[in-house]
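S.K.: Sharing a model prediction with you, sequence too.
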Amino acid sequence: MADLLLGKPVGDALSEDTKAQVERLRARGVQPTLAIIRMGERPDDLSYERGACKRAESLGIAVRKFLLSEDAPQAALMEAIAQVNADDSIHGCLMFRPLPKGIDETAACNALSPAKDVDGITVGSLAGVFMGTGVGFPPCTAQACVEILGHYGIDVEGKDVAVVGRSLVIGKPVAMLLLAKNATVTLCHSRSADLPAVCRAADVVVYATGRPRAYSLEHFATGQVVLDVGINVDEEGNLCGDVDFDAAEPVVAAITPVPRGVGSVTTAVLMRHVAQAAAAQS
């Protein structure tokens with residue numbers, strides 16, 4: 001039976017530190033503020049937004065919303081981003097993606113001021129992650145994976161880590177973050193030869209492909225640590241991860257459940273980034 005790497009204790013520990021930083025900033029007259037830019041009303045965006053707003057309120061972080069219809073033109077989105085950039089009282093911005101069809105997402109992401117990019121969506125922030133300069137903020141979910149490993153005392157130095165998924169949201173940045181901690185990282189994808197064998201050979205595996213229960217018994221080995229980043233909805237309407245949890249749990253040493261795993265840490269990381277951005281800008 002695997003140990004469950006629950007997200008709540010990790011998020012609570014991060015939030016405790018963030019709250020203390022927010023209190024210090026507010027004592028100096030600085031109100032840490034997060035802008036949320038959302039187009040349309042995708043259920044997953046709304047769910048994350050509710051969680052983020054609840055977390056922000058509990059920490060004393062203000063939230064300002066810039067809400068656009070799903071069919072709003074590119075110009076309206078760019079204007080909202082320009083407003084966020086120009087407002088010195090806003091320290092960080094969360095822009096929900098993917099953006100609706102017809103919107104140039106690359107242009108929108110790179111229009112955001114890197115100083116306010118608290119979710120690692122601009123070229124500047126990603127360059128900081130890939131170059132290891134410490135400039136900007138990494139994507140929150142990628143950082144959440146690192147925070148979970150650290151909280152539970154799982155040292156990746158010298159360990160073999162497989163990352164399944166190569167997106168700029170999770171796969172590539174989490175690979176770079178783990179490489180910076182001296183892990184030996186293999187970045188895998190849908191065309192990787194004999195993916196199950198690569199996964200079985202790793203000490204730690206991060207699954208981040210958005211494919212419900214796509215990874216089954218053949219991918220797991222005794223003693224592994226598994227981070228399941230996927231948040232999917234199965235045919236019965238239940239939340240599930242990329243990993244077949246019932247197959248993995250009896251085999252591996254530790255695993256993040258879905259829900260109650262990585263996702264619950266992500267908003268805590270976001271709020272820490274907002275507080276850090278406020279400190280840097282004040």
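M.R.: Everything's here; your move.
S.K.: from here on, contacts and neighbour counts on C-alpha atoms
M.R.: Fine.
S.K.: and the gap between Ala111 and Asn238?
M.R.: Between Ala111 and Asn238 the distance, using C-alpha to C-alpha, to the nearest Å, works out to 36 Å.
S.K.: which of those two has more neighbours?
M.R.: Neighbours around Ala111 and Asn238, counted as other C-alpha atoms under 10 Å, are more numerous at Ala111. The numbers are 16 against 9.
S.K.: what's the neighbour count on the nearest residue to the more buried one once chain neighbours are set aside?
M.R.: Distance criterion C-alpha to C-alpha, 6 or more residues apart in numbering; nearest residue to Ala111, sequence neighbours excluded, is Ile81 at 6.9 Å. Ile81 has 23 neighbouring residues, counting by other C-alpha under 10 Å.
S.K.: any residues touching whichever strand or helix holds Ile81, and which ones?
M.R.: If you go by DSSP states H and E, Ile81 is part of helix 74-86. Residues outside helix 74-86 that contact it (C-alpha atoms under 8 Å, 6 or more residues apart in numbering) are 35, 37, 66, 68, 90, 93, 103-104, 108, 111-113, 116.
S.K.: repeat that with 7 Å
M.R.: Under the criterion C-alpha atoms under 7 Å, 6 or more residues apart in numbering, residues 66, 90, 103, 108, 111-113 lie in contact with helix 74-86.
S.K.: what does stretch 55-70 give?
M.R.: Stretch 55-70 has contacts (C-alpha under 7 Å, 6+ apart) with 19, 22, 31-40, 53, 80, 100, 271.
S.K.: Go through these and say which is closest to Ile154.
M.R.: Taking C-alpha to C-alpha as the measure, Met271 is the one of those closest to Ile154, at 23.7 Å.
S.K.: Pretty sure the closest one sits in a strand.
M.R.: No. Under DSSP: H, G, I helix; E, B strand; the rest coil, Met271 falls outside any strand and is assigned helix.
S.K.: what's near enough to touch it?
M.R.: Counting by C-alpha under 7 Å, 6+ apart, Met271 has contacts Ala56.
S.K.: pLDDT wise, what is it at?
M.R.: Looking at Met271, its pLDDT stands at 98.
S.K.: Val198 now?
M.R.: 98.
S.K.: What are the buried residues along the host helix or strand of it?
M.R.: Of the helices and strands defined by DSSP H and E, Val198 is found in helix 195-201. Buried residues in helix 195-201, counted by 16 or more other C-alpha atoms under 10 Å: 195-196, 198-201.
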